[in-house]
Structure formats: structure tokens, C-alpha cells
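S.K.: Structure of the sequence below:
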Amino acid sequence: MAVHLFHCLPWTGRPSSGTGPSEAPGTTNEEEEEDETPVNDARTAHTPAAPAHTPSPLPADAPAAAPAAEAPGPALPGAAAPQGRGALGPVALVVAGALSVQFGAALAVLLMPRAGALGVVTLRLALAALVLLAVCRPRLRGHSRSDWGTVVAFGVAMAGMNICFYQAVDRIPLGAAVTLEVLGPLALSVVASRRAVSFLWAGLALAGVVLLSGGGFDRLDPVGAGFALAAGALWAAYIVFSARTGRRFPQADGLALAMVVGALVSLPLGLAEAGTALAVPSTLALGLAVALMSSVLPYTLELAALRRLPAPTFAVLMSLEPAVAALAGFLVLHQALSVTDALAISLVVAASIGAVRARTGRRAP
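M.R.: The predicted model follows:
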């Protein structure tokens with residue numbers, strides 16, 4: 001995500017985690033539809049006429065473009081600044097963003113006994129929407145029906161992704177949930193690559209999933225695993241619509257409006273599950289912390305990083321999110337990993353990195 005949030009410049013959407021399509025300004029819409037198919041990531045996001053940001057592989061959240069391209073965490077930036085000796089700075093920003101997203105997810109799990117999974121989704125999206133509206137003040141006039149249809153689809157995908165993800169982490173370990181969720185953006189990246197080698201990476205990811213499930217999802221809660229896979233599918237949709245929204249709305253306006261749509265979608269569900277518990281001051285404070293850690297802070301850090309970091313490097317770093325999620329689950333939630341679990345997560349991370357490199361290799365001159 002490419003510029004400081006409080007200047008409300010281009011973004012790369014990050015839901016809870018990811019990366020998406022890259023886009024260079026000056027291309028036609030037809031060219032964009034053909035060539036700018038989303039790459040690996042979730043929590044990834046956007047690029048308007050200028051760059052723009054969700055996750056995450058970019059989970060669960062999430063992203064837009066750098067000055068010449070496109071991220072929860074939020075789509076991938078297209079053209080990137082050259083990587084020099086100062087690359088460690090932006091790399092540290094991306095890693096910090098991933099840590100923020102996944103430790104924010106761990107905090108959300110701790111909040112669930114108070115507000116329930118659906119209540120946490122409502123708090124996260126509603127409070128993040130209020131922050132973005134206050135900072136960005138998006139313009140409501142001058143948009144076509146097609147523009148509004150796109151931003152509504154983006155918001156619905158965002159809400160659905162978060163609802164499924166939080167339902168998953170309420171039932172299975174955080175590391176396992178993010179690993180399964182990453183399969184959505186990974187599948188999108190494999191399809192977009194159109195290279196045979198990409199299917200080898202898909203096979204490697206599948207091997208990781210089989211290991212993680214112990215040969216059958218009975219080792220994991222099958223409902224939780226199903227929710228994680230559904231979150232991954234919605235993450236892929238999130239990446240696609242975040243990129244389209246970024247091309248139609250200036251700066252971060254589309255993200256702010258989509259966040260409002262997502263909050264409205266989740267609000268009835270959150271109220272039905274948690275009711276007045278959502279208004280308890282301590283619950284609101286923790287919900288605000290989740291919103292800041294899972295949406296606002298990673299958005300800011302990734303946008304700053306995308307100013308100086310090549311898009312392929314960004315995508316590879318985002319592919320490490322399942323490992324970061326496992327670390328957060330261990331440190332915050334005391335969810336220990338077996339050797340088999342660690343190997344399974346490593347296989348999915350390696351497959352995600354390989355798929356990103358395969359796609360960027362195809363685009364290289």
C-alpha cells in the first residue's frame with residue numbers, strides 16, 4: 001500500500017490479508033482486463049488512476065498500487081521502484097504490516113468471548129469505516145451506476161471474507177485458518193499465470209493442505225476448515241473487485257465506501273449475535289484496536305513500503321503470512337504447532353512464493 005493513510009492517497013486494499021493485480025497508469029481498460037489479472041493476495045488491493053489498498057497471500061485483508069501500479073493485506077503493484085540498498089526499510093514496513101494484521105487477528109480471537117465472531121467482524125469493519133470516512137472524506141457525487149455496483153460488490157466480498165475468516169478462527173487455529181485462506185489468492189495467481197509450472201506450485205500447496213488436515217479434515221474442525229476455504233474464495237473475489245474499484249474511484253475513496261458497505265452488511269449479524277455487548281466501552285476499545293491493527297495500520301505501512309519496493313518482492317513477503325499467523329497464534333493464543341503442521345504451512349508458503357515468481361517471470365520483458 002503506497003502512501004501514508006492520513007494523506008489518504010492511493011491504496012492497496014487489505015482485508016485481513018493479500019496482493020492483487022498490478023496496473024500501470026495510462027493503459028486502457030481493455031488492456032487492464034486482459035493483462036492485469038490479480039496476483040497472489042489477500043488482504044491486497046487497489047489502484048485508481050493513481051495507485052491504491054486488506055490480510056495477506058496475502059490474507060485477510062486487503063491493497064493498491066505504487067506510483068505506477070497496484071496490494072488486506074489489501075492487489076499487487078505493477079511497476080515498482082528499483083530496489084537498492086535502502087530495500088531493508090520497505091521490507092521492514094511490509095513485515096510490520098503482516099505482524100500487525102496477524103496479531104490483530106489473534107486479538108480478535110480474544111475478543112470473541114465478549115462479542116462473538118460476528119460481533120467482532122462488525123466492530124472491525126464499522127470502526128475502520130469511521131476512521132477512513134473521517135480521514136478520506138470520499139466524494140459521493142459524480143459516479144455512475146456501474147461505479148457504485150463495483151464498490152458494493154467490493155464491500156460485500158470484504159464483509160463475506162471477514163465473516164468467514166472470523167468464523168474459521170473461532171473453530172480452528174489461526175495458522176491453519178490463514179494457510180487454508182491463502183489458497184484462494186494462490187488459485188487466482190495460478191490461473192492468471194497460464195504457465196504449466198504454476199500447476200506444480202498448486203500441487204505443492206495441495207500437499208501442504210493434505211498434511212495440515214492429517215489426511216482428512218476430521219483432525220481440524222470441518223466447519224472451521226470450510227469457513228477458511230470460503231474466506232479464501234471470497235479473498236480472490238475481493239482482489240478482483242478491489243482492483244476494479246481502484247480504477248474507478250480516486251485515491252482511497254473506493255476503499256472507504258466499500259468499508260461502509262461491508263460494515264452495513266455485517267451490522268445485522270453482529271447485532272443479532274452480540275446485541276448490546278457491542279456498546280460496552282471495553283469491548284469497543286478492543287474492537288478499535290482490532291480495526292487499527294488489522295486494517296488501518298497495515299494499510300499505512302504497506303502503502304509506504306510500495307513506494308520503494310518492487311511488486312514481486314512485496315508479493316513474496318506477503319506470502320509469508322501463514323507463518324506469521326502461526327507465530328501470532330503461538331505467542332498470543334498459545335496454539336502450539338506440531339512438526340507436521342509447521343511443514344504443511346511451509347509447503348503452502350513455498351507454493352505461494354513460487355506462484356508469485358512464476359507470474360512475475362512471465363511478465364518480465
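
S.K.: The stretch 51-200 of the chain: helices as residue ranges?
M.R.: 88-136, 145-169, 174-181, 183-193, 196-213 (DSSP state H, counting those that start in this stretch).

S.K.: For residue 157, see how far away the residue located most distally from the centre of the chain is.
M.R.: In terms of distance from the mean C-alpha position of the chain, residue 276 ranks first, at 29.3 Å (C-alpha atoms, centre = their mean). Using C-beta to C-beta, to the nearest Å, we find residue 276 at a distance of 29 Å from residue 157. Yep, even glycine has a C-beta here, placed from its N, CA and C like the rest.

S.K.: Need the helices of the stretch 51-200 of the chain in CSV (columns: mean pLDDT).
M.R.: As requested, those are exported to CSV (pLDDT from 0 to 100):
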stretch, mean pLDDT
helix 88-136, 92
helix 145-169, 95
helix 174-181, 89
helix 183-193, 77
helix 196-213, 78
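
S.K.: which one of those helices is the most hemmed in?
M.R.: With neighbours defined as mean count of other C-beta atoms under 10 Å, those peak in mean count at helix 174-181, which reaches a mean of 32.

S.K.: how many degrees apart are it and helix 145-169 in direction?
M.R.: Here the directions of helix 174-181 and helix 145-169 differ by 140 degrees (axes from the mean of the first three to the mean of the last three C-alpha atoms, to 10 degrees).

S.K.: Helix 174-181 packs against which elements?
M.R.: Under the contact criterion of 3 or more C-beta pairs under 8 Å, 6 or more residues apart in numbering; DSSP states H and E, helix 174-181 touches helix 88-136, helix 145-169, helix 196-213, helix 222-248, helix 321-333, helix 339-363.

S.K.: can I get those in a markdown table with distance to residue 281?
M.R.: Formatted as a markdown table, the helices and strands packed on helix 174-181 follow (distance: least, C-beta to C-beta, whole Å):
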| stretch | distance to residue 281 |
| --- | --- |
| helix 88-136 | 12 |
| helix 145-169 | 22 |
| helix 196-213 | 39 |
| helix 222-248 | 30 |
| helix 321-333 | 22 |
| helix 339-363 | 37 |
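
S.K.: The ones you listed: which one's closest to residue 284?
M.R.: For residue 284, the closest of the helices and strands packed on helix 174-181 is helix 88-136, at 7.1 Å, according to C-beta to C-beta.

S.K.: Next, the contact list for the nearest residue to residue 178 once chain neighbours are set aside, please.
M.R.: Nearest non-adjacent residue to residue 178, counting by C-beta to C-beta, 6 or more residues apart in numbering: residue 325, 3.7 Å away. Neighbour list for residue 325: 59, 102, 105, 174, 175, 177, 178, 179 [criterion: C-beta atoms under 8 Å, 6 or more residues apart in numbering].

S.K.: Greatest separation within the residues you listed: which pair is it?
M.R.: Maximum distance among those (C-beta to C-beta): 12.9 Å, for 105 and 179.

S.K.: Now do the residue lying closest to residue 160 once chain neighbours are set aside against residue 305, distance only.
M.R.: In space, and not counting its chain neighbours, residue 160 is closest to residue 234: 4.5 Å by C-beta to C-beta, 6+ apart. Per C-beta to C-beta, residue 234 is found 25 Å from residue 305.
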